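>>> My questions are about this predicted structure, shown below with the sequence.
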Amino acid sequence: MDDYSTMPDYGITTTFDDTSIEQPVTDKNVKGFTSYFVPPLYSLVFIFGLLGNSLVVLILIRYKKLKSMTDIYLLNLAISDLLFIISLPFWAHYATRECFVFGDAMCKILSGVYCVGFYSGSFFIILLTIDRYLAIVHAVFALKARTITYGTLTSVVTWVVVLLASVPEFVFHHVQKAKETYECIIHYPSENGKVWKQFLTLMKFILGLAIPAVIIIFCYLRIIMILIKGRNRRKQKAFKLIAVIMVVFFLFWMPYNIALLLRTFQDSFFSFNSENNVEGKVAFGVEVTRVIALIHCCINPVIYAFLGEKFRKYTSIFFQKCLLAPLCRLCPGRNYPILERSISSYISSTEHEISIGL
């Protein structure tokens, strides 16, 4: 594909109104960053994120057996991260070659998946927070409300809402031929393109950050008040795990969404002249914060490893059964039955525990 004159047409039209196109930035700093730093970073996130989140899904399904509403939401949160992760090789290739060679359909799908992953991550953190709130603040009511059935139902409804909110990303993204290359760019409707751009940016900020922040702050203030009065160590552990997941999500995603707001409404925030190059600086900020946001895909498994006591134990069981036990069978001592009995004993004892978190 080095000879762009021989590239296939993909059926792409070039009749879009320039005012409706989210113009790609040609700033040298942005180009250099996306070409040299983004591909290796995305590759590392893809490897560690895929392994980590796949392990989370395996532990939740095989060992925890999805026995609680918390497990259902954590599973969906891991699936949300995996949605991001599977798209990273395509974006890495795009950044390396500075040419989108996968066609118009993949441009829509990858852009839509990006938006779905963002919304779903935010919404399932809200559900996890409400789950903690019910378990700690309204413990009696939680016995009826925090069931697998309700967890599954709310998860399905959440995915439907997420898909509906992401429809504009699927619809408006197209591949545009620009000079000697192809770019995956969002094309707003020709009429009122600026209004569409501002509306979608505000919608992402309000649905993905503002509303979740209000709900989470309210829930955690009530939770903290209850925990101050009581001394339930297990509830405090579960609270700590979900709180860290929530804080990390906002730390990674808030800079990117603020950068998007600044870029969308930069005419209102900045005064432009030929010397300050505000547009290039804002564009560079968007690209840097985008990478930071995507790194979040592989962070949650690390949180589970450090704060999730049961997650660590189940992970240990998994590696012992899948790696250590087969090796022991090859050992002359034949001591693997002891290992398997200890594993079985631990699983049987933990299956009867009542827990409100990992």
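Done, it's in.
>>> Only C-alpha atoms from now on, for both contacts and neighbour counts.
Noted.
>>> Checking my notes, residue 190 in a strand, right?
No - secondary structure assignment places residue 190 outside any strand; it is coil (DSSP: H, G, I helix; E, B strand; the rest coil).
>>> What about it, how many residues nearby?
Residue 190 sits with 14 neighbouring residues when counted by other Cα atoms under 10 Å.
>>> and it, how far is that from residue 172?
Here the distance between residue 190 and residue 172 works out to 11 Å (Cα to Cα, to the nearest Å).
>>> Is the residue positioned nearest the centre of the chain in a helix, a strand, or coil?
Nearest to the mean C-alpha position of the chain, by Cα atoms, centre = their mean, lies residue 81 at 4.0 Å. Assigned with three-state DSSP, residue 81 falls in the helix class.
>>> got a list of what it touches?
49, 53, 117, 121, 297, 298 (Cα atoms under 8 Å, 6 or more residues apart in numbering).
>>> Just give me the closest of the residues you listed to residue 164.
The shortest separation between residue 164 and any of the contacts of residue 81 is 12.8 Å, and it belongs to residue 117 (by Cα to Cα).
>>> Spatially nearest residue to the closest one, not counting backbone neighbours?
residue 80 (5.1 Å; Cα to Cα, 6 or more residues apart in numbering).
>>> and the one you found, how many neighbours?
By the other Cα under 10 Å criterion, the neighbourhood of residue 80 contains 24 residues.
>>> Residue 100 versus that one, what's the distance?
Counting by Cα to Cα, the gap from residue 80 to residue 100 is 24 Å.
>>> Same check on residue 244?
The separation that residue 244 has from residue 100, given Cα to Cα, amounts to 37 Å.
>>> same deal with residue 282?
With the distance defined as Cα to Cα, residue 282 ends up 23 Å from residue 100.
>>> With residue 154 instead?
Residue 154 is 37 Å from residue 100, where distance means Cα to Cα.
>>> Looking at the two now, which is surrounded by more residues?
The residue with more neighbours, out of residue 154 and residue 100, is residue 100; 23 against 17, by other Cα under 10 Å.
>>> Next, the more buried one: secondary structure please.
The three-state label for residue 100, taken from three-state DSSP, comes out as coil.
>>> my read: it touches residue 185, true?
No - if you go by Cα atoms under 8 Å, residue 100 and residue 185 don't touch, sitting 9.9 Å apart.
>>> which residues are common contacts for these two?
With contacts taken as Cα under 8 Å, 6+ apart, the residues that reach both residue 100 and residue 185 are residue 175.
>>> hang on, the earlier thing: show me what contacts the residue nearest to residue 117?
Neighbour list for residue 80: 116, 117, 118, 120, 121 [criterion: Cα under 8 Å, 6+ apart].
>>> Please apply the same query to residue 167.
Taking Cα under 8 Å, 6+ apart as the definition of contact, the neighbours of residue 167 are residue 112.
>>> now the contacts of residue 80 as TSV including neighbour count, distance to residue 145 and pLDDT?
As requested, the contacts of residue 80 are arranged in TSV below (neighbours: other Cα atoms under 10 Å; distance: Cα to Cα, whole Å; pLDDT from 0 to 100):
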residue	neighbour count	distance to residue 145	pLDDT
116	25	27	93
117	24	27	88
118	23	27	86
120	25	22	92
121	22	22	88
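>>> need those in CSV with secondary structure, can you?
Putting the contacts of residue 80 into CSV (three-state DSSP) gives the following:
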residue, secondary structure
116, helix
117, helix
118, helix
120, helix
121, helix
